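Student: starting from these lines, generate the structure:
(2 chains)
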Amino acid sequence: MLDRLRKSPVAWLSALVIVSMAAGALFAPWLAGHPYDAVSRDHVLAGPMPGHLLGTDHQGQDLWARLLYGARVSLSIGIIVEVIMACIGITLGLLAGYRGGWWDIGLMRITDAMFAFPDILFAIMLVGILRPASAFASFLTVFVALALVNWPGMARLVRGQTLALREKEYVEAARAVGVPSGRIILRHLLPNMASPILVAATVDIANVVLAEATLSFLGIGIQPPYPSWGRMIADALPYLRSAPALLFYPSAALAALVLAFNFLGDAVRDSLDPRLRS
Amino acid sequence: MGLIRAGAVWYPPTVLPYIGNRLLLAIPTLLGVSVVAFFLGFLAPGSPIDLLMGQHGDPSVRRRLEHEYGLDLPPLEQYRRFVVHAVRGDLGKSFANRDRPVSQMIGEQFPTTALLATLSIITAVGFGIPAGVIAALHRNRLIDRVVMGGVLLLVSTPPFVLAPLLMLAFALKLGWLPDSGWEGPSYWVLPALVLAARPAALMARLMRSSMLDVLGQDYIRTAMAKGLSRGQVIRRHALKNAFLPVLTAIGSSFGYLLTGSFVVETIFGIPGIGYESVHSILARDYPVIQGVALLVAALFVVVNLVVDVLYALVDPRIRYGGAR
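Tutor: The predicted structure is shown next:
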């Protein structure tokens, strides 16, 4: 399985994009050259020049610095939200699939209800109404809103996997010799559903990154002065004709990151698909 | 959707009771949405009255406003009134504009959004389905890879990236199309394209895999063995069967269209529900937000119902009702 993945140039390229963006985000204070909110009055809407690698925006803020710090927002939200919602989704999915009964009925009703409403719209309403004042609170609200609307998909996936796996002979055998449930789940169920979870999680990160950018674009996500790619795109719109570069950089960064996660997810899925094996 | 079951036994089509059942089941969904939409407002910091009052500090004015909007009642009573009024089609008054009932506002703006959504669906189907079929018929060849690469590119490009790029190219540089507004068919092209991009990509992907599935079925081999040409087999047997799963995707893409319209209407300055909702959310105009939430949930229920009924009409194996 991993052989196919290792031989896929697309997977390598995607991983490269993700890793280099993660490095940029991690080392932003050293790579940026400017603080993300430093304003240079003399250089407003400037093109690339010494001291400003990519030029400056309408407030005279360094674009390169804002792109790097924006990567911090996108990646940290994508990964942390994914971890939170995977924990919620896996726990509830296992409970529903393994215990069954009320756990199962309850979970299915709740996820049904959540699927009946467009998820990002719910996040928009939640964040829009709570509308936190401080930058820290805006991070927290975005985390919670996105994790809250995204877990049902993972829960359904894990429930389905659990239902299929619990009937397998080796699980039955383990139960017959008296292995406790917790150990069966950890030793037999989870490792065998790791791959579909991994594929779903990779593609989910792409969706979470997009959702955060959408919230920030609409003005209710991450609050300025902290940069977010979505917000940078919104700020660039009035200068579309005079300074299209303001639009291009954050758009390209966002599209590249999301594309990389999507390609990676697809490559992992292909490498797991027995029908595609040669 | 769990309500449609494929039965081995023939049951006469009983469409009307089925639709009735589904509409009954929609009531708890709508109630749930109304509870969430209504009580979210109570989580918000500050009182909505502060928005209405503006600079006034007069307590008597405050009391009068609270009374006018029923905000002096206990929360549960407020909710009861909200539901009772909503059932009668009265969604209350906007905070930002006191003379304007929310239902009237929605009535004025909904046709625009509906037109945009319909145009986008038609565009998405028109591009997505043929692209998926072509990719499937040329599996693993160059054209397939190009289509599938394009699919991932479009799925990864959010509307607020695609819209400014198209605007820059076709409106500002080439001058072929107007850049914003909503005054006639030429204004519809860019927003509909932007909104159609993601659903088109998802439909192409689904159509491709569905087509590949169908082409591997026995009845296709049988049809080929009978001596039908490849083109005939594809047209008569494969396309119709492969289209079924895509029908569901068309239904679920409505959810994306509604959210996407928030962004697209804001960028292109289109006076629809999405544009209004973004303004209301930024202004914390709860009655409008609640009204839009209910409308969206109701639309979702109806669209899913229509898709399920169509699905059963296209696929003779599916019967309505409790056939097991």
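Student: could I get the full set of helices for the chain?
Tutor: No chain specified, so I'll use chain A. Along chain A, counting by DSSP state H, helices occupy A:2-7, A:9-26, A:28-31, A:63-94, A:101-115, A:119-130, A:135-165, A:169-176, A:181-184, A:190-192, A:194-217, A:229-236, A:245-272.
Student: my question was about chain B
Tutor: All helices of chain B, identified by DSSP H, fall at B:15-43, B:48-53, B:59-68, B:75-87, B:102-137, B:142-156, B:159-166, B:185-215, B:218-225, B:230-233, B:239-268, B:273-282, B:286-314.
Student: name the stretch among the helices of chain A that sits most buried.
Tutor: Of all these, helix A:229-236 has the most neighbours on average by mean count of other C-beta atoms under 10 Å in any protein chain shown, namely a mean of 25. Any C-beta I mention is one placed from the backbone N, CA and C, and that applies to glycine too.
Student: and it with helix A:63-94, angle?
Tutor: Helix A:229-236 and helix A:63-94 are oriented at 140 degrees to each other (axes from the mean of the first three to the mean of the last three C-alpha atoms, to 10 degrees).
Student: Provide the contact partners of helix A:229-236 at residue level.
Tutor: Contact partners of helix A:229-236, identified using C-beta atoms under 8 Å, 6 or more residues apart in numbering or on different chains, comprise A:57-58, A:66-67, A:70-71, A:73-74, A:212-219, A:221-222, A:224, A:243-244, A:246-247, A:249-251, A:253-254, B:160-161, B:164.
Student: repeat that for stretch A:166-183.
Tutor: A:97-98, A:165, A:184, A:187-189.
Student: show me what contacts B:Leu202?
Tutor: B:Leu202 sits next to B:128, B:151, B:155, B:249, B:253 when contact means C-beta under 8 Å, 6+ apart.
Student: same thing with B:Pro159?
Tutor: Residues in contact with B:Pro159 (C-beta under 8 Å, 6+ apart) are B:194-195, B:197-198, B:260, B:263-264, B:267.
Student: tell me the contacts of the residue nearest to B:Gln290 when sequence neighbours are not counted?
Tutor: Excluding the flanking residues, the one nearest B:Gln290 by C-beta to C-beta, 6 or more residues apart in numbering or on different chains is B:Ala37, at 4.5 Å. B:Ala37 makes contact with A:125, B:289-290, B:293-294, according to C-beta under 8 Å, 6+ apart.
Student: hmm, 10 Å instead?
Tutor: When contacts are counted by C-beta atoms under 10 Å, 6 or more residues apart in numbering or on different chains, B:Ala37 touches A:117, A:122, A:125, A:129, B:82, B:286, B:289-294, B:296-297.
Student: and if you look at B:Leu193?
Tutor: Under the criterion of C-beta under 10 Å, 6+ apart, the contact list for B:Leu193 reads B:119-120, B:123-124, B:127, B:162-163, B:166, B:170, B:177, B:200, B:264.
Student: what's the most centrally placed residue in chain B in contact with, if anything?
Tutor: Nearest residue to the geometric centre of chain B (C-alpha atoms, centre = their mean): B:Phe254, 2.2 Å. Shown in contact with B:Phe254 (C-beta under 10 Å, 6+ apart): A:118, B:117, B:120-121, B:199, B:296, B:299-300, B:302-304, B:306-307.
Student: check what pLDDT it gets.
Tutor: Predicted confidence (pLDDT) at B:Phe254: the value is 79.
Student: same question for the one 3 residues further on.
Tutor: Turning to B:Leu257, the model gives it a pLDDT of 85.
Student: that one contacts B:Ala117, correct?
Tutor: Yes: using C-beta atoms under 10 Å, B:Leu257 is in contact with B:Ala117, at 4.5 Å.
Student: what is in contact with these two at once?
Tutor: What both B:Leu257 and B:Ala117 touch, as defined by C-beta under 10 Å, 6+ apart, is the set B:195-196, B:274, B:303.
Student: export the residues you listed to CSV and tack on neighbour count, pLDDT and distance to B:Glu183?
Tutor: Output for the shared contacts of B:Leu257 and B:Ala117, formatted as CSV (neighbours: other C-beta atoms under 10 Å in any protein chain shown; pLDDT from 0 to 100; distance: C-beta to C-beta, whole Å):
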residue, neighbour count, pLDDT, distance to B:Glu183
B:Leu195, 30, 92, 18
B:Ala196, 27, 91, 20
B:Gly274, 27, 86, 18
B:Val303, 19, 82, 28
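Student: contacting chain A as well, which ones from these?
Tutor: Subset of these in contact with chain A: B:Gly274, counting by C-beta under 10 Å from any C-beta of the partner chain.
Student: what's the weakest-modelled helix or strand in the chain?
Tutor: Since you didn't name a chain, this refers to chain A. Here the helix or strand of chain A ranked lowest by mean pLDDT, DSSP states H and E is helix A:2-7, holding a mean of 69.
Student: mean pLDDT lowest where, among the helices of chain A?
Tutor: Among the helices of chain A, helix A:2-7 has the lowest mean pLDDT, at a mean of 69.
Student: of all the contacts of B:Pro159, which two lie farthest apart?
Tutor: Greatest spacing in the contacts of B:Pro159, by C-beta to C-beta: B:Arg198 and B:Ile267 (15.1 Å).
Student: show me what contacts B:Leu247?
Tutor: By C-beta under 10 Å, 6+ apart, the contact set of B:Leu247 is B:206, B:307-308, B:310-311, B:314-315.
Student: before we move on, what about A:Trp64?
Tutor: Counted by C-beta under 10 Å, 6+ apart, A:Trp64 has contacts A:24, A:28, A:31-34, A:48, A:52-56, A:249.
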